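here's my sequence, what's the structure:
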Amino acid sequence: MGGLPVRALLRARGIVPRKRLGQHFLADEAVVARILTLAEVGPADVVLEIGAGLGALTEELADRAGHLVALEVDPRLVAYLREQFGGRPHVEVVQADILAFDLASLARRFQTRLTVVANLPYGIGTEVVFRLLEHRRGFSRLVLMLQKEVAERIVAAPGTKAYGILSILTRLYADVRLGPRVPRRLFVPVPEVDSAVVRFDLLEHPRVDADEEQLRAVVRAALGKRRKTLWNALRSSPAITAGPEALARGLARAGVDGGRRGETLSLEEFANLTQALGKEA
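Sure thing, here's the model as predicted:
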């Protein structure tokens, strides 16, 4: 496998990549193959591709999936993709912004859980992850190419430098694993950062038993300022209404030392703390 003819296609169509859209086109067939292996797409699957671009992944997904919905925001690329796939009735090319697209109605339409495959623009990667997790009941699996540092935060373990809110909230809803790292030189134009692929296997139910809204509030309060101890972070957060005595009892009930820093707590410890603070409220 080798390079994809990205530069030639762009020249032939007179397309100049738009910086404001974060357009960097994957130009390596080997990476495409590894993404497809990770996605495990078969004829029974309905696939949502986000950011179809010049169709490097689209072509391969169309050959494998039972139905493919390819989203692309750029009208120039939408026109090209419709030319390429117009004769394939199981492929839909939709001009849409993933941050505004109606994901809930898509899942209802097919009455099945979809697989998502995406090469996400760096500027909106985290936002798209949270949006997909918000609509997680419509998906079984996500295979997302992200900025390498974002991917590393998603799979990070407690106590590591990369561990944070993104690590905890993704673990709440999914099993995650890191796929191939993708150096910047494999994109056209070359971006300023490297990429990595992450696979999310969505859980039927959240991993821990805790009020999800309260859990997110406790996590954000605890990790909002990484240098603070857990006690000081929770005491100074307007989202935590427990007074000093109630907070102390809650920490004791959860078996969590308030002198620890929030980034050392596991998801399970955060869940226990959320439940304990709820009982003290």
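
helix or strand right after whichever helix or strand N232 is part of?
Taking DSSP states H and E as the definition, one finds N232 inside helix 230-235. Sequence order places helix 244-254 as the next helix or strand after helix 230-235, per DSSP H and E.

which secondary structure elements does that next one contact?
Contacts defined by 3 or more CB pairs under 8 Å, 6 or more residues apart in numbering; DSSP states H and E place helix 244-254 against helix 230-235, helix 267-280. To be clear about C-beta, it is placed using only N, CA and C from the backbone, and glycine gets the same treatment.

so which of those helices gets nearest G258?
helix 230-235 (3.4 Å; CB to CB).

residues near L77, how many?
24 (other CB atoms under 10 Å).

now H24
Neighbour number of H24 under other CB under 10 Å is 23.

and the gap between it and V116?
19 Å (CB to CB, to the nearest Å).

please apply the same query to H90.
17 Å.

and the helices in the stretch 1-150 of the chain?
All helices of the stretch 1-150 of the chain, identified by DSSP state H, counting those that start in this stretch, fall at 6-13, 29-39, 56-64, 75-85, 103-110, 125-134, 148-155.

now render those helices as TSV, adding mean pLDDT.
TSV is the format used below for the helices of the stretch 1-150 of the chain (pLDDT from 0 to 100):
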stretch	mean pLDDT
helix 6-13	87
helix 29-39	96
helix 56-64	96
helix 75-85	95
helix 103-110	92
helix 125-134	96
helix 148-155	97
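
so which of the ones you listed gets nearest A281?
helix 125-134 (25.3 Å).

which positions within that closest one qualify as buried?
Using 16 or more other CB atoms under 10 Å as the test for burial, helix 125-134 gives 125-126, 128-129, 132-133.

equivalent analysis for stretch 148-162, please.
For stretch 148-162, using 16+ other CB under 10 Å, the buried residues are 148, 150-156, 158, 162.

can you redo those residues as TSV with distance to L186?
Output for the buried residues of stretch 148-162, formatted as TSV (distance: CB to CB, whole Å):
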residue	distance to L186
K148	12
V150	18
A151	15
E152	18
R153	22
I154	21
V155	21
A156	24
P158	32
A162	23
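
from those, which two are the most distant?
K148 and P158 (20.4 Å).

circling back to that earlier point, what's the mean pLDDT across the helix holding N232?
The pLDDT scores in helix 230-235 average 95.

buried residues in it, which are they?
230-231, 233-235.

export it as CSV, just CAs?
Output in CSV follows, covering the C-alpha atoms of helix 230-235 (Å, rounded to 0.1, in the frame of the first residue of the first chain):
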residue,chain,number,x,y,z
LEU,A,230,-9.7,17.5,46.2
TRP,A,231,-11.0,19.3,49.4
ASN,A,232,-10.0,22.7,48.2
ALA,A,233,-11.3,22.1,44.7
LEU,A,234,-14.7,21.0,45.9
ARG,A,235,-15.0,23.7,48.5
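
how near is the nearest residue in space to V91 that is not next to it in sequence to A118?
Residue nearest to V91 in three dimensions, not counting chain neighbours: F85, with 4.3 Å by CB to CB, 6 or more residues apart in numbering. Distance of F85 to A118, computed by CB to CB: 17 Å.

looking at those two, which is more packed in?
A118 (24 against 20).

distance of the more buried one relative to G42?
From A118 to G42 the distance is 18 Å (CB to CB).

next one: A254
Taking CB to CB, one finds A254 at 44 Å from G42.

quick one, which of the two is more surrounded?
Set A254 next to G42 and count neighbours by other CB under 10 Å: A254 wins out with 19 against 11.

shaky segments in this protein?
Along the chain, segments meeting pLDDT under 70 span 1-2.

hmm, 50 instead?
1 (pLDDT under 50).

against the centre of it, work out the most remote residue.
E245 (38.3 Å; CA atoms, centre = their mean).

how about the buried residues of helix 230-235 in TSV, adding distance to L54?
Converted to TSV, these look like this (distance: CB to CB, whole Å):
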residue	distance to L54
L230	48
W231	52
A233	46
L234	48
R235	52
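
nearest to I98, of these?
A233 (32.7 Å).

the residue nearest to that closest one when sequence neighbours are not counted - how many residues pack around it?
Leaving aside its sequence neighbours, A233 sits nearest to A222 (CB to CB, 6+ apart; 5.2 Å). Using other CB under 10 Å, A222 has 29 neighbouring residues.
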